[in-house]
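K.L.:
Just the structure for this:
(one chain, ligands or ions: 1)
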Amino acid sequence: MGIIDTHAHLTCDELYSQADEILERAKASGVKRILCICLNVKEAQRAFSLKERYDWIDIAAGYHPNDLYDLSEHDFQEMEQLVADERIIAVGEIGLDYHWDDVDKETQKQAFIRQINLANAIQKPILIHMRDATKDTLDLCRQYKQVPGILHCFSGSLETALEAIKMGFYISFGGPLTFKNARGLPQVVAQLPLDRIMIETDCPYLTPHPYRGQRNEPMYIVHTMQKMAEITNQSEAELQEQCKRNYETLFHISL
Ligand SMILES: [Zn+2]
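P.N.:
All right, here's what the predicted structure looks like:
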């Protein structure tokens, strides 16, 4: 038994230099598996090297919508080659982010479609970043997506979550679930089918209560797990077992 962190940026500059200590602390606090999200080829190379020492790390890679402003055709081809590697189990995080306007919507959509098609071609799940862009994100998924996936760090409505589940998504919740101003999020979780939920840290961001404001890392996921167990009326052991089954089902692996 143990907790799976389905979204951690272990190889970002901020965490990578202390990755060994961070992974030791994660293990000591009950984390058994971490899906490491890499936003470029450099981060993926770092993850490959970590995985040689820590075989309980899984790896995903893809271009984040906020990172698209200086990407060339060559960069996309490099990513296409990279995600075909058997050590990469998912394409992401990809998606749309209209909160920041550094990258125009059309560029974001084109890159999103291209990476959805890539995931279809290699039959790997997609991990979705969706911020202030619910309608366009779900519309493009409906139009192009042929693989299942995860909506990461979900903060939307029950209606959106149920719609996404119908389209083959799992819904993953992070630190904001524990915030005092989590608003309707706990009620959303309470009404979702348990076989479609996951949890994550999104570290180094979005540290759960009571560590909110500090740098996040996988060990803090225990607070999100506790909160989710409370909301769903499950014991933590039951919930961990359920989340493990969900992860195994999505990625066709046995833990
Ligand atoms: Zn992320």
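K.L.:
and the spatially closest residue to G213 that is not a sequence neighbour, how many residues sit next to it?
P.N.:
Using CB to CB, 6 or more residues apart in numbering and skipping residues adjacent in sequence, the residue nearest G213 is T207, 6.7 Å away. Heads up, the C-betas are built off the backbone N, CA and C, glycines and all. The number of residues packed near T207 is 23, by other CB atoms under 10 Å.
K.L.:
so what's T207 up against?
P.N.:
G175, T201, G213, Q214, R215, N216, Y220 (CB atoms under 8 Å, 6 or more residues apart in numbering).
K.L.:
what's the distance between the third one and A8?
P.N.:
For G213, the distance to A8 equals 18 Å [CB to CB, to the nearest Å].
K.L.:
who has more neighbours, those two?
P.N.:
A8 (26 against 8).
K.L.:
quick one, phi psi at that one?
P.N.:
phi -140, psi 130 (degrees, to the nearest 10).
K.L.:
thinking again about what came up before, of the contacts of T207, which pair is most distant in space?
P.N.:
Greatest spatial distance in these: T201 and G213, 14.5 Å, computed using CB to CB.
K.L.:
pretty sure L138 is in contact with A161, am I right?
P.N.:
No: in this structure L138 lies outside contact range of A161 using CB atoms under 8 Å: 10.9 Å.
K.L.:
Can you check which helix is longest in this structure?
P.N.:
In the chain, ranked by residue count with DSSP state H as the criterion, the top helix is helix 105-122.
K.L.:
Now for D5, how many residues are close by?
P.N.:
Other residues close to D5 by other CB under 10 Å number 29.
K.L.:
Then Q77?
P.N.:
Counted with other CB under 10 Å, Q77 comes out at 10.
K.L.:
what residues does the one helix or strand it maps to touch?
P.N.:
In this structure, Q77 sits in helix 73-83 according to DSSP states H and E. With CB under 8 Å, 6+ apart as the test, helix 73-83 has contacts from 40-41, 44, 61-63, 88, 91, 111, 114-115, 118-119, 122, 124.
K.L.:
quick check: angle from it to helix 105-122?
P.N.:
30 degrees (axes from the mean of the first three to the mean of the last three CA atoms, to 10 degrees).
K.L.:
Restricting to C-alpha, output the helix or strand following helix 73-83 in PDB.
P.N.:
Using DSSP H and E, the helix or strand that follows helix 73-83 in sequence is strand 88-97. Provided in PDB are the C-alpha atoms of strand 88-97 (Å, rounded to 0.1, in the frame of the first residue of the first chain):
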ATOM      1  CA  ILE A  88       7.500   7.500 -21.300                       C
ATOM      2  CA  ILE A  89       4.000   6.400 -20.300                       C
ATOM      3  CA  ALA A  90       2.000   9.500 -21.200                       C
ATOM      4  CA  VAL A  91       1.900  12.700 -23.300                       C
ATOM      5  CA  GLY A  92       1.700  15.800 -21.100                       C
ATOM      6  CA  GLU A  93       1.100  18.000 -19.600                       C
ATOM      7  CA  ILE A  94      -0.600  19.500 -22.700                       C
ATOM      8  CA  GLY A  95      -3.600  21.700 -23.000                       C
ATOM      9  CA  LEU A  96      -4.900  25.300 -23.000                       C
ATOM     10  CA  ASP A  97      -4.200  28.100 -20.600                       C
END
